[in-house]
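A.B. asks: this is the structure alone, sequence omitted:
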């Protein structure tokens, strides 16, 4: 038997190679570079890797017209698809990865050490932990871990078959489980968050894998193109297909935190180090929604009458549960977690608005375009908001409890003002980017006839405005109880302040002139098979 | 061929129920592994039915992924056991409403 060499499109897949290469290099650095120099080397390496991969992504994106069939290609023997949506999502993930690396590298807030445990193996409260913290030890492994996660996230929405999608799902999840458990302060909470995220994540990927097996049993192939052909031609084993779609959905909806798979979200967002939460809440959601779009539009697009009703129910439940439960929280990280659940619902509203090309009016906004735009604006608002949370501190480190934030607007008007801007954008107030995002997803859902979902979406937006505005009132118009200890703002280094500033500027600019990014999202065209 | 798929679905169900009812994190994790192995059985059975190799190749990938998951999972369960002297998932209850 002859061995046939696989063809790999090195040029088009360069962004992936750079990210995974830098991640592997980071592991080597961990082994060979002296401890005192490791932090600088790792941060520069990770940042250079992300920037390099972003540059490569831009080049691939500009040349997309000339590659393959004119809109991209199915590369690496059918396992990776480089098309418009992939390239857009790669760029977006890399932007937030850079923000994540910057927040990870912040050392000024904790007086010279990062927000990660000095020695994760040392018991909380033990002699070993004290020794590690007096020596100023720090885990620089977080940078290779985050690079592996970024690689998985980039591969996830670009996968061309179910097996690649499963492997990418694990490659993005496993480093995140570990990162969640590495907080320097409140280590028991952090470890518990890691345990919950890990057990539930492994459980849901078990469902995803069984879905892979069932859909493979139905179609006889793992590639999305072949699955599409089988769905179009029909077959007697429709039970296999429907069960398979349901079980794949469990895995994917878990990753985005949709009801009824949302239980992990608040616990993990609260327990994880805030820098990790900021990165994960934006980038994981982008990657997982990219995968949802590809799987449902490309593989199961011809069967959308079967999955759309399920998406209706899940979107409605997700928006309502997220918005209502956010109203009763007393911890700002938990509140943002529930608000991210509500945003998952809004994004699903955009996903279920898919229509065939023939049903679309001229120059009408497509469902894909709306979801990509919403992911962009949501990502900037959420990274910015969690970055601000890292600044508000008391003697015990970060102070996420509502009581500590009371009257912050009087003590630090700028920080409280920027935080309010992010909250207003998430609430969807006009002149912020969140408004345009909501308008886009509601329009596509409306035009596909999903008006009950849009009605619920508007109702939950109103509920959401209540808890966002209540928080702004708490910061600006409430005087703290004299008996309560309040938190104050610690001045961060340039890493965090630039991240927050960029997020704030983008949030405002996309609210006033959304045109360029909407056009860019329109130009990405459609998925290819 | 159907028998193997039925057997795999039974194994998968045992694993899923085990995750939901068992209280020790290690046992919960073993049940997850059982679910993954049930998937492997289904993949191989379907590969035989369709007469192509994709399912069998996938089974190898799943084994590798499961091994990586063990590395990460046991590390997390170990740290939490060392700091709390308990691997029960009921005791990990600091984070709630």
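C.D. replies: It's in. Here the structure is a predicted model, which is why all the values come from computation and not from measurement. Residues are numbered from 1 along each chain as shown, chains lettered A, B, ... in the order given.

A.B. asks: hang on, isn't residue A:18 packed against residue A:48?
C.D. replies: No: using Cβ atoms under 8 Å, residue A:18 is not in contact with residue A:48; the gap is 9.3 Å. Every residue, glycine included, has its C-beta placed from N, CA and C.

A.B. asks: pick out whichever of the two has more residues nearby.
C.D. replies: residue A:18 (23 against 12; other Cβ atoms under 10 Å in any protein chain shown).

A.B. asks: quick one: contacts for the more buried one?
C.D. replies: By Cβ atoms under 8 Å, 6 or more residues apart in numbering or on different chains, the contact set of residue A:18 is A:49, A:52, A:53, A:56.

A.B. asks: between these, which is nearest residue A:13?
C.D. replies: Using Cβ to Cβ, residue A:56 comes nearest to residue A:13 of the contacts of residue A:18, at 9.3 Å.

A.B. asks: separation between the closest one and residue A:147?
C.D. replies: In this structure, residue A:56 and residue A:147 are 15 Å apart, going by Cβ to Cβ, to the nearest Å.

A.B. asks: quick one: which of the two has more around it?
C.D. replies: Applying other Cβ under 10 Å to residue A:56 and residue A:147 shows that residue A:147 carries more neighbours, namely 29 against 21.

A.B. asks: run through chain A and note the low-pLDDT ranges.
C.D. replies: Applying pLDDT under 70 to chain A flags residues A:1, A:67-70, A:356-358, A:361-363.

A.B. asks: at 80 instead, please
C.D. replies: A:1-2, A:65-72, A:111-112, A:118, A:133, A:136, A:235-236, A:355-364, A:525, A:529 (pLDDT under 80).

A.B. asks: can you list the contacts of residue A:18 in TSV and add secondary structure?
C.D. replies: Output for the contacts of residue A:18, formatted as TSV (DSSP: H, G, I helix; E, B strand; the rest coil):
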residue	secondary structure
A:49	helix
A:52	helix
A:53	helix
A:56	helix
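
A.B. asks: format these as TSV; extra columns: distance to residue A:278.
C.D. replies: Compiled in TSV, these are given as follows (distance: Cβ to Cβ, whole Å):
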residue	distance to residue A:278
A:49	19
A:52	22
A:53	20
A:56	25
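
A.B. asks: ok, and the most crowded of those?
C.D. replies: The most neighbours of any of the contacts of residue A:18, using other Cβ under 10 Å, belong to residue A:53, which has 29 neighbours.

A.B. asks: contact partners for that one?
C.D. replies: Residue A:53 makes contact with A:14, A:15, A:16, A:18, A:19, A:22, A:90, A:94, A:154, according to Cβ under 8 Å, 6+ apart.

A.B. asks: pull the most distant pair out of those.
C.D. replies: Across these, the longest distance by Cβ to Cβ is 14.7 Å; it joins A:22 and A:90.

A.B. asks: list the buried residues in stretch A:495-514.
C.D. replies: A:495-497, A:499-500, A:502-504, A:506-507, A:510-511, A:514 (16 or more other Cβ atoms under 10 Å in any protein chain shown).

A.B. asks: what of stretch A:102-109?
C.D. replies: For stretch A:102-109, the neighbour count (16+ other Cβ under 10 Å) marks A:102, A:103, A:104, A:105, A:106, A:107, A:109 as buried.

A.B. asks: mind checking which of the residues you listed land in helices?
C.D. replies: Judged by DSSP state H, the buried residues of stretch A:102-109 include A:102, A:103, A:104 as members of helices.

A.B. asks: mind listing what's buried along the helix ranked longest in chain B?
C.D. replies: Ordering each helix of chain B by length in residues (DSSP H) puts helix B:54-84 first. Residues B:54-55, B:58-59, B:61-62, B:65-66, B:69, B:72-73, B:75-77, B:79-81, B:83-84 are the ones in helix B:54-84 that count as buried (16+ other Cβ under 10 Å).

A.B. asks: low-confidence stretches in chain B?
C.D. replies: For chain B (pLDDT under 80), the answer is B:1, B:91-93, B:95-97.

A.B. asks: report the distance from the longest helix that chain A contains to the chain centre.
C.D. replies: Longest among the helix segments of chain A by residue count, using DSSP H, is helix A:187-219. Distance of helix A:187-219 from its chain centroid, counting by Cα atoms, centre = their mean, to the nearest Å, is 17 Å.

A.B. asks: repeat that for stretch B:3-23.
C.D. replies: 10 Å.

A.B. asks: near chain A at all, it?
C.D. replies: Yes: shown here: stretch B:3-23 in contact with chain A (Cβ under 8 Å from any Cβ of the partner chain) through B:5, B:8, B:12, B:15, B:16, B:19.

A.B. asks: pick the one among the residues you listed closest to residue A:485.
C.D. replies: Nearest member of those to residue A:485, counting by Cβ to Cβ, is residue B:19, at 41.4 Å.

A.B. asks: quick check, the closest one in a helix?
C.D. replies: Yes: following the definition three-state DSSP, residue B:19 is counted among the residues of a helix.

A.B. asks: which ones are touching it?
C.D. replies: Residue B:19 neighbours (Cβ under 8 Å, 6+ apart): A:199, A:203, B:28, B:31, B:32, B:35.

A.B. asks: now do residue A:276
C.D. replies: By Cβ under 8 Å, 6+ apart, the contact list for residue A:276 reads A:100, A:104, A:176, A:179, A:180, A:182.

A.B. asks: neighbouring contacts of stretch A:520-529?
C.D. replies: So stretch A:520-529 is in contact with A:68-69, A:71-74, A:81, A:83-85, A:87-88, A:224-225, A:228, A:293-294, A:297-298, A:357, A:365-366, A:368-370, A:372-373, A:376, going by Cβ under 8 Å, 6+ apart.

A.B. asks: which of those fall within strands?
C.D. replies: When the contacts of stretch A:520-529 are checked against strands (DSSP state E), the matches are A:72, A:73, A:74, A:81, A:83.

A.B. asks: next, count neighbours for the closest residue to the fourth one other than its chain neighbours.
C.D. replies: It refers to residue A:81. Sequence neighbours aside, residue A:160 is the residue nearest to residue A:81 in space, at 4.4 Å (criterion: Cβ to Cβ, 6 or more residues apart in numbering or on different chains). Neighbourhood size, residue A:160 [other Cβ under 10 Å]: 27.

A.B. asks: show me what contacts residue A:518?
C.D. replies: Residue A:518 touches A:365, A:369, A:373, A:436, A:440, counting by Cβ under 8 Å, 6+ apart.

A.B. asks: what is the nearest of those to residue B:1?
C.D. replies: The closest of the contacts of residue A:518, once distances to residue B:1 are taken by Cβ to Cβ, is residue A:369, at 43.6 Å.

A.B. asks: need phi/psi at the closest residue to residue A:288 other than its chain neighbours.
C.D. replies: Setting aside the residues directly before and after it, residue A:288 is nearest to residue A:255 in space (Cβ to Cβ, 6+ apart), at 3.9 Å. Backbone torsions for residue A:255, taken as degrees, to the nearest 10, come to phi -60, psi -40.

A.B. asks: pretty sure residue A:255 contacts residue A:197?
C.D. replies: No: the pair residue A:255 and residue A:197 does not pass the contact test of Cβ under 8 Å, sitting 10.8 Å apart.

A.B. asks: in chain A, mark out all the strands, start to finish.
C.D. replies: Ranges of strands in chain A, per DSSP E, are A:72-75, A:80-83, A:392-394, A:397-398, A:488-489.

A.B. asks: how about residue 49: what's its closest non-neighbour residue?
C.D. replies: Defaulting to chain A. Spatial nearest neighbour of residue A:49, excluding adjacent residues (Cβ to Cβ, 6+ apart): residue A:22 at 3.0 Å.

A.B. asks: the intended chain is chain B.
C.D. replies: residue B:1 (4.7 Å).

A.B. asks: what is the burial count for the one you found?
C.D. replies: The number of residues near residue B:1, taken as other Cβ under 10 Å, comes to 11.
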